[in-house]
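Participant: All I have is the shape, not the residue letters:
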């Protein structure tokens, strides 16, 4: 069945360092890969996404890479700040007019940025 | 606030009672999703609406669960004869055809 594996489950970095979170997916028909940030007690917030027709996307300190052959995608956060501390979820879906677009989520990574 | 809204934010109920949650999506979004999230886990898909049509239901959605989106705008999720295992955060999300899903704040259900 559809599955998304996410690693690591916890990640602690010093402020200013980089953080990398990795996900693998099982459904080869997946073509849309969003990343969500969830602070304690808050809603998941879409921070960046990538579609299967590109290999990399960057937005300021955040970047996402996609390797379709290996079915891997990764989130890269540079120059981390304490406010980056949160739980990060990757997800995969089949996004098209003929599919539901339901998101299959990874298990989450708790990122702690130490000042 | 033009984002996704959900009501109530918290619900405490006794086992065996029925509960109903409401979701108001972003107004121009025709796609609406319900997910369930338990502590320490990622959200799990429950059901999907395109406009007023319910097009997919997860196997997680037992026959005690029913969802509606009668006019293609707001949606309701009802749980009948609640069980302690139903305790979770119920999240609603909406999107256009591009599938960028925006989540509501969730309804936290506690079944005693």
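Facilitator: Great, that's in hand. Note that the coordinates shown come from a computational prediction; the quantities given were computed from them, not determined experimentally.

Participant: wait, does the helix or strand bottoming out on mean pLDDT in chain B make contact with chain A?
Facilitator: Every helix and strand of chain B was ranked by mean pLDDT, DSSP states H and E. The lowest is strand B:53-57, at a mean of 93. Yes. Applying Cβ under 8 Å from any Cβ of the partner chain, one finds strand B:53-57 in contact with chain A at B:55-56. (Each C-beta comes from the backbone N, C-alpha and C, glycine too.)

Participant: Whatever residue of chain A ends up closest to chain B and residue A:25, how far apart?
Facilitator: As assessed by Cβ to the nearest Cβ, chain B sits closest to residue A:105 within chain A, at 3.1 Å. Note on residue A:105: its distance to residue A:25, by Cβ to Cβ, to the nearest Å, is 11 Å.

Participant: what's the answer for residue B:42, then?
Facilitator: 13 Å.

Participant: Overlap of the contact sets of these two?
Facilitator: Common contacts of residue B:42 and residue A:25, defined by Cβ atoms under 8 Å, 6 or more residues apart in numbering or on different chains, comprise residue A:4.

Participant: what's next to the least confident helix or strand of chain B, contact-wise?
Facilitator: With Cβ under 8 Å, 6+ apart as the criterion, strand B:53-57 contacts A:100, A:102, B:46-49, B:67-69.

Participant: which residues touch the closest residue to residue A:52 other than its chain neighbours?
Facilitator: Distances taken as Cβ to Cβ, 6 or more residues apart in numbering or on different chains put residue A:31 closest to residue A:52, at 4.0 Å, once the chain neighbours are dropped. Counting by Cβ under 8 Å, 6+ apart, residue A:31 touches A:51-53, A:93-96.

Participant: what about burial for those residues, which qualify?
Facilitator: A:93-95 (16 or more other Cβ atoms under 10 Å in any protein chain shown).

Participant: Count the residues that sit near the residue lying closest to residue A:77 once chain neighbours are set aside.
Facilitator: Take residue A:77 and drop its neighbours on the chain: the residue closest to it by Cβ to Cβ, 6+ apart is residue A:19, 4.5 Å away. Using other Cβ atoms under 10 Å in any protein chain shown, the number of residues around residue A:19 comes to 19.

Participant: hang on, isn't residue A:19 packed against residue A:13?
Facilitator: Yes. Under the criterion of Cβ atoms under 8 Å, residue A:19 makes contact with residue A:13 at 5.2 Å.

Participant: any shared contact partners between the two?
Facilitator: Contacts common to residue A:19 and residue A:13, judged by Cβ under 8 Å, 6+ apart, are A:80, A:111, A:113.
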